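>>> Show me the folded form of this:
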Amino acid sequence: MTQGASYVALSSEPWLGVVPGALFARPRFLRLTYATRFCDPPTRPILRFWFGPANYREHILPAPVEGLGLWMGRTPGGCTDVWISPTNRPGAFDFRLVEATSASSYEILRRVCASPKRLFYAVAAGWVGLRDEADLNWRFALGAEPLKAYSSWREKRRCGLGEPVASKEMAESGTRFWILVDLDGASARQIDASCASIERQSYANWRVRLLGAPADPAGLAQKTAWEGRIGFTSDENPHAQDFVARLRAGDVLHEKAIGCFAAHFQRHPEHRLAYSDEIRREPETVTPVFKPGWSPTLHLSNPYLGRAAFFKADLVPAGKAWASADEAAAGLTMQEVGSLRRILFEFPAEPASALRKFDAICDDASPAVSIVIPTRDKPDLLEDCLESLFERTSYANYDVVLVDNGSVEPRTLKLIEEFGAAHDRLKVVKLTGDFNFSILSNAGAQAGAGEFLLFLNNDTRIVTSDWIERLLYFARQPDIGAVGAKLLYPNRKTQHVGVLLGMGGVAGHFGAGLGETAPGWLGRNFAPHEVSAVTGACLMVERTKFEAVGRFDEVNLPVDLNDVDLCLRLAERGWRTICHSQVVLIHHQSASRGGGLRLQQVYERERRFFLERWRVVVRDDPYFHPGLSLYASTEMLP
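Now for the predicted structure:
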């Protein structure tokens, strides 16, 4: 066990200096090991290399979700200073940089062999002097491991700093935790496993109630000697402010599980329920289940809390002996539910439950919707988009604003004229000049008459006929800002089910590349769910909310990241963003701008502005998980 230093962060971005030393003198593959307390909220540290005033490069490191964090990456060399930001929350925190060494050739080869395409791009970009492109591909090549490697991955990280003071303070304050264990049909071995995990808890103020009829009554009789030692009583009931968990015999708690929950509830007294991650155990393997921050919309289709949670006893209906965390969460606000983002429970594997169908649409009114489509030439794409829109859309009360950014091809001009003559709901706004998505979209919004705005790329094709009704169902809710859709590539593979902050260092599409029928992480490819942002290729927002946050940023984000920035500004005002995965469109990504590889320098100014503005959430997307990699589009370990 390492001994760490305690600090107090005075802002949401504290920085500690690192003595550069010989390891940072030249470019090399570096391996860093760092530690926090196990019960501290895990946050991805940021490593910053300085080359002079206002000249730096950064890496987002893996979070120490098991107490110890490991990072392997290529350092730039030649830096004047090295800084690290261990947390993104004001207040006390503990952190120690345990070790910094050169990565071994074996470690590098083991990682990159799983991603040969990224390795090729990294080496090739380096050969032709594209430093930033090489660096990005090295991050993708080195930054992800498969979930099947979880057991060995975890063993290397099961360490950290000492026990948190918070657990002792919570024990002294009298906060009590109850564990209700269902024994129905349980064997003596299952009962022993659960009871042993409870008995070794580092936090002392808890009670157990064993209920139900086990298959082996002798297994229960052996627990009578427990009674006085662990505080088990048969006649005591939970107080309304006690916390309760519901388990089955055979479920196992991490030895610091209750201590972590105690520390969490002390930090967040407003939370009436909190949940953690879990392991699903099979005879030969274990599989981690990492959960996003509280996503009540996803929970409607896929109740994902399970038994890995504690909640206030007064959430249990009167006269009901059992209540699950999923039941207890019903009706709670966003501010009353918390996520520990640690694996604190281990359960036997069970068959996956089917997603609940979500069919809600806006059917009680018909608010006006203005569909804003920026375009420039590409007549084939535009024709496909407009034809699908007018032919497939079942909603009646909408108008279309086509913002023409200097189209010159005769076929395009003729196409626009023909659609205008055939559809009186189509209005054309002409704007010349360089492509600026923000200016074009804002101008289209200004020209539209709708109470709701639906920004749509000209390289999309409508698949779901009641797409507007479904998007409106969420966009009309007072606490929801932007609403997006599931986008598919022309080959029907998934392109977008929400934007992941921090992916690739800035933002990207998590879940991309999966087949159309693949459920994705926790079924999110089929179920509506909260995300931090959605793409402007299909984005609905109420006009008053759009105007309240200042519309798209025309100055700082003319082309890239303006949609993500809009969603984050909406979130600042308390408006959630939803990706409605049951609304499907085809999207030729970036086809209207030529597609292909975009060099890092092309949008460097926009990325730098975006990161300076949103670094706190970019490093820690609330609807993702710090135990998953930012350099993979599907579930991978960092």
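
>>> Tell me which stretches of the stretch 451-600 of the chain form helices.
467-475, 543-548, 562-572 (DSSP state H, counting those that start in this stretch).

>>> and of the ones you listed, who's closest to C79?
With Cβ to Cβ as the criterion, C79 lies closest to helix 562-572 of the helices of the stretch 451-600 of the chain, at 28.8 Å. For the C-beta atoms, the positions are set from N, CA and C on the backbone; glycine is no exception.

>>> The closest one: which residues count as buried?
562-571 (16 or more other Cβ atoms under 10 Å).

>>> So which of these is the closest to K545?
L570 (6.3 Å).

>>> How many residues are close by the residue nearest to that closest one when sequence neighbours are not counted?
Distance criterion Cβ to Cβ, 6 or more residues apart in numbering; nearest residue to L570, sequence neighbours excluded, is G481 at 3.2 Å. Look at G481: counted by other Cβ atoms under 10 Å, it has 29 neighbours.

>>> quick one: G481 and A533, what's the gap?
According to Cβ to Cβ, to the nearest Å, G481 and A533 sit 10 Å apart.

>>> what's the answer for Q190, then?
In terms of Cβ to Cβ, Q190 sits 44 Å off from A533.

>>> Mind checking which of these two has more residues around it?
A533 (28 against 22).

>>> shared neighbours of G481 and A533, which are they?
567, 577 (Cβ atoms under 8 Å, 6 or more residues apart in numbering).

>>> which residues does R37 form a beta bridge with?
Going by DSSP bridges, R37 is paired in beta bridges with L161.

>>> For it, give me the pLDDT.
Looking at R37, its pLDDT stands at 88.

>>> number of nearby residues for it?
The number of residues near R37, taken as other Cβ under 10 Å, comes to 23.

>>> Then the one 5 residues further on?
For P42, the count of nearby residues is 21 (other Cβ under 10 Å).

>>> cool, and the one 5 residues further on?
A count of neighbours around L47, defined by other Cβ under 10 Å, yields 20.

>>> Leaving out chain neighbours, which residue sits closest to it?
H59 (4.6 Å).

>>> so who does that neighbour touch?
46-47, 71, 73, 139, 505.

>>> what number of residues lie near the residue nearest to H254 when sequence neighbours are not counted?
Distance criterion Cβ to Cβ, 6+ apart; nearest residue to H254, sequence neighbours excluded, is L344 at 4.6 Å. By other Cβ under 10 Å, the residues close to L344 number 26.

>>> Show me what the helix or strand L344 falls within pairs with in its sheet, parallel or antiparallel.
In the assignment (DSSP states H and E), L344 maps to strand 337-348. When pairing is defined by DSSP bridges, strand 337-348 lines up against strand 252-253 (antiparallel), strand 273-281 (parallel).

>>> what does the first one contact?
Residues lying outside strand 252-253 but in contact with it, judged by Cβ under 8 Å, 6+ apart, are 179, 193-194, 197-198, 201, 247, 344-347.

>>> where's it relative to the chain centroid, distance-wise?
On the basis of Cα atoms, centre = their mean, to the nearest Å, strand 252-253 is displaced by 26 Å from the centre of the chain it belongs to.

>>> what's the closest of the buried residues of helix 562-572 to G331?
A571 (22.5 Å).

>>> need the contact list for F435.
376, 405, 558-559, 593.

>>> Over to H299: give its phi and psi.
phi -60, psi -30 (degrees, to the nearest 10).

>>> Verify the stated contact: it with A309.
No. Assessed by Cβ atoms under 8 Å, H299 is found out of contact with A309, at 11.8 Å.

>>> and the two? which has more neighbours close in?
Legend: neighbour count by other Cβ under 10 Å for H299 and A309, higher for A309 (27 against 20).

>>> Quick check: bridge partners of the more buried one?
Y275.

>>> Give the helix, strand or coil label for the residue lying closest to W521 once chain neighbours are set aside.
Leaving aside its chain neighbours, W521 sits nearest to E635 (5.6 Å; criterion: Cβ to Cβ, 6+ apart). Following DSSP: H, G, I helix; E, B strand; the rest coil, E635 is assigned to coil.

>>> what's near enough to touch E635?
By Cβ under 8 Å, 6+ apart, the neighbours of E635 are 147, 290, 521, 628.
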